[in-house]
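>>> got a predicted structure here, sequence first:
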Amino acid sequence: MKGLRTEPLGGLHDRSSFRCGIPELDDYLVRQASQDVRRRVAAVFVMVAEERPKRILGYYTLSSFAVRTTGLPEDEMRKLPRYPTTPATLIGRLARDVGEPGVGGLLLADALKRILASAREVASALVVVEAKDPSAVAFYQKLGFIPFKGCPQKLFLPMRMIAAADK
Ligand SMILES: CC(C)(COP(=O)(O)OP(=O)(O)OC[C@H]1O[C@@H](n2cnc3c(N)ncnc32)[C@H](O)[C@@H]1OP(=O)(O)O)[C@@H](O)C(=O)NCCC(=O)NCCS
């Protein structure tokens, strides 16, 4: 992360030149992200290079989420109390500019670190992602995410694993 930083999306960032290859994720930055922040349905973080702080290299969004506990694989369910829902944190969107290979992994690592820190104050047992396509599923699976039962594009990572990796 040398020379890179992640910060909340702000007025100085140039949203219109960001291209990740999925128009819906580009448009989100231009049309929806600020509204979501204002309405408190998502926090939006962007990664920039210190020497060029207006250019967005990548971004992700975080929101509180609740998971139906019975949708989890059996072995995960056994590790959780039998509450109908389990508190979680959603990475709703995550994308990097097409010219910035390698930023995807950095964004995810940054998001997990931030989520772990906030889960110490407001508990969250899982991180959930909704992958846009099979390639995104492969990306998340390679980094340890586990698919929900019968829902291969929705994946989770237990917070205990994130905490263990942080030690
Ligand atoms: C998916 C995406 C974030 C990956 O970003 P990236 O910069 O290419 O990822 P990185 O190079 O940092 O890769 C991190 C790790 O994931 C692996 N990886 C990256 N893309 C992968 C893919 N499509 N399938 C399998 N593994 C993948 C890398 O090999 C690397 O593994 P390593 O740490 O063992 O070397 C990026 O392609 C993107 O923004 N795509 C468009 C938006 C999108 O699909 N977002 C995700 C769903 S919302």
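Now that the structure is in, tell me what you want to look at. Numbers count the residues shown, from 1 in each chain.
>>> how near is G11 to the ligand?
Look at G11 and the ligand: by CB to the nearest ligand atom, to the nearest Å, they are 24 Å apart. From N, CA and C alone the C-beta is placed, and that goes for glycine too.
>>> name the SS class of that residue, please.
coil (DSSP: H, G, I helix; E, B strand; the rest coil).
>>> any low-confidence regions in this protein?
Judged against pLDDT under 70, the chain has no low-scoring part.
>>> can you give me the helices in it?
Counting by DSSP state H, the chain has helices at residues 23-27, 33-38, 74-77, 103-119, 134-142, 159-166.
>>> now do the contacts for L155.
By CB atoms under 8 Å, 6 or more residues apart in numbering, the residues touching L155 are 128-129, 131, 137, 140-141, 145-148.
>>> residues from the chain in reach of the ligand?
Taking CB under 6 Å from any ligand atom as the contact definition, the chain meets the ligand at 20-22, 25, 93-96, 101-105, 131-132, 135-136, 138-139, 142-143.
>>> could I have the PyMOL command that selects the buried members from those residues?
With 16 or more other CB atoms under 10 Å as the burial test, the buried ones among the residues of the chain next to the ligand are selected in PyMOL as follows:
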select buried, resi 20+25+93+94+95+96+103+104+131+136+139
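>>> quick one, what contacts the closest residue to L126 other than its chain neighbours?
Among residues not flanking L126 along the chain, A88 sits closest, at 4.1 Å (CB to CB, 6 or more residues apart in numbering). Applying CB under 8 Å, 6+ apart to A88 gives the contacts 64-67, 124-128, 156.
>>> M47 pairs with what?
Beta-bridge pairing for M47 (DSSP bridges): T6, G58.
>>> what about the contacts of L155, which are in strands?
Those of the contacts of L155 mapping onto strands are 128-129, 146-148, per DSSP state E.
>>> who are the neighbours in contact with R114?
Listed by CB under 8 Å, 6+ apart, the contact set of R114 reads 6, 45, 62.
>>> from those residues, pick the one nearest I162.
Nearest to I162 among those: L62, at 13.5 Å, using CB to CB.
>>> the nearest residue to that closest one once chain neighbours are set aside - how many residues pack around it?
Nearest residue to L62, sequence neighbours excluded (CB to CB, 6+ apart): A43, at 4.8 Å. Around A43 there are 17 other residues, counting by other CB atoms under 10 Å.
>>> same question, K149
Neighbour count for K149, taken as other CB under 10 Å: 13.
>>> from memory it sits against M77, does it?
No - using CB atoms under 8 Å, K149 is not in contact with M77, being 9.3 Å away.
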